[in-house]
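**Q** Any chance you could fold what I've pasted below:
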Amino acid sequence: MSGFWSVWVMVLACLTAGISLFLFVWGITMRIPTVADGTTGHVWAHGVLREGVRPLPMWWMVISLGAFLAAAVYLYRYPGFGSFAGSLGWTSQDEHKGAAAEGGAKLESRLASWRTVGLEQLSSDPGAVSIGHRLYLDNCAACHGTAALGNHAVGAPDLTDADWMYGGDGETILASILDGRNGLMPPQGPALGHEATNAVASYVVSRSGTQAPPDQVAAGKVHFDAVCAVCHGANGAGNPAMGAPNLFDKAWLYGGNIESVVASVREGRSGVMPAWRQRLNNDEARLITAWVLAQGASSGARKAAQ
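**A** Numbering: from 1, shown residues only. Have a look, this model is predicted:
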């Protein structure tokens, strides 16, 4: 703190304390003139109300005096009076460093015990899952949502279901978090044409339970087998090695209505899962993975119960 601001703070502190102390002493010692009945003589409400005079209560004076003394001790023991460091030498920076070091030591102790545990086993540890949830909210929820249910607008997948483009085991999820993924669905509109594009989309949504014209479905299957099965497989179950999603379930990256599927076939899709290795260390990524695995397990348990 510069000399000017140090003096400014001290002047303000002394002025405030001096005025407060003066008012305190003045309030105790001053005498208000009274009339014979003990009031000031001021009358309101046609003589019904009279302004009385009473001394300040003892409890109020004791508390006020104690506050002045406490303030004086504080300014002597702690920084607050200009650039005076206080007799204790306390600083908020040192307090923060000490608390951070203590917290870091506790966290490191927990992390050390988790590093030798498999990811699937780690997902059943409440402590690891709790920290993983916080890390997920801080880093992943912007795209995948706070409940990890995904976002069709950006093509972020639901992380709580059993449908995985690249595989749903712990190590694969960890690799996706640290190294990212780049998915590409090339546009097929120019090759298929308008009618065939609509037919393929009708066939795909029909396999997911949506009603579509039978003739469109039949024609779409032919085009699907000729063009789409190369990546998505003849049974439409996808190919984790390529990141080609399962097209015959009810999980959709960009929406499962006919319009969205037509747009995907015609114009293609380009999805990017950014790599988080520069932002998250391996321990943090493992804890997020554990939380994601726990969500899949709890979602499966809920579905089984239903």
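
**Q** Can you point out the buried residues in stretch 23-40?
**A** residue 24 (16 or more other Cβ atoms under 10 Å). From N, CA and C alone the C-beta is placed, and that goes for glycine too.

**Q** List the neighbours of it that are in contact with it.
**A** Defining contact as Cβ atoms under 8 Å, 6 or more residues apart in numbering, one finds that stretch 23-40 is touched by 41, 50-53, 56, 61, 64-65, 68.

**Q** Excluding chain neighbours, what is closest to residue 51?
**A** Using Cβ to Cβ, 6 or more residues apart in numbering and skipping the chain neighbours, the partner closest in space to residue 51 is residue 42 (4.0 Å).

**Q** With residue 238 instead?
**A** With Cβ to Cβ, 6+ apart as the criterion, residue 238 has its nearest non-adjacent residue at 4.0 Å, and that residue is residue 246.

**Q** Surely the one you found and residue 240 touch.
**A** No - Residue 246 is beyond contact range of residue 240, at 9.6 Å (criterion: Cβ atoms under 8 Å).

**Q** Those two - which one has more neighbours?
**A** Neighbour comparison, residue 246 and residue 240: the larger count goes to residue 246, with 20 against 15 (by other Cβ atoms under 10 Å).

**Q** Report the separation between the more buried one and residue 255.
**A** 15 Å (Cβ to Cβ, to the nearest Å).

**Q** For the helix or strand where residue 67 lies, name the packing helices and strands.
**A** Assessed by DSSP states H and E, residue 67 sits inside helix 58-77. Using 3 or more Cβ pairs under 8 Å, 6 or more residues apart in numbering; DSSP states H and E, the elements in contact with helix 58-77 are helix 3-29.

**Q** all helices for the stretch 51-200 of the chain, in order.
**A** For the stretch 51-200 of the chain, the helices defined by DSSP state H, counting those that start in this stretch occupy 58-77, 92-114, 119-122, 126-139, 141-144, 170-179, 189-206.

**Q** Dump the fifth one to CSV, keeping only the CA atoms.
**A** In other words, helix 141-144. What follows is helix 141-144, C-alpha atoms only, in CSV (Å, rounded to 0.1, in the frame of the first residue of the first chain):
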residue,chain,number,x,y,z
ALA,A,141,-22.0,-29.8,-17.9
ALA,A,142,-21.9,-26.9,-20.4
CYS,A,143,-22.4,-29.3,-23.3
HIS,A,144,-23.7,-32.5,-21.7
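
**Q** Not counting its own residues, what contacts it?
**A** Where contact means Cβ under 8 Å, 6+ apart, the residues beyond helix 141-144 that reach it are 148, 150-151, 154, 156-159.

**Q** buried subset of those residues?
**A** By neighbour count, with 16+ other Cβ under 10 Å, the contacts of helix 141-144 hold 148, 150, 156-159 as buried.

**Q** ok, of those, which one's closest to residue 186?
**A** For these, the closest approach to residue 186 (Cβ to Cβ) belongs to residue 157, at 19.4 Å.

**Q** Wait, that closest one touches residue 149, no?
**A** No - between residue 157 and residue 149 there is no contact under Cβ under 8 Å: 9.5 Å.

**Q** Can you report how many residues neighbour residue 123?
**A** 23.

**Q** On the pLDDT front, check it for me.
**A** pLDDT for residue 123: 96.

**Q** One more: residue 305?
**A** Here the pLDDT value assigned to residue 305 is 41.

**Q** Check residue 297 too.
**A** For residue 297, the predicted pLDDT is 68.

**Q** Is residue 178 in contact with residue 279, as I believe?
**A** No - contact criterion Cβ under 8 Å: residue 178 and residue 279 do not qualify, at 9.9 Å.
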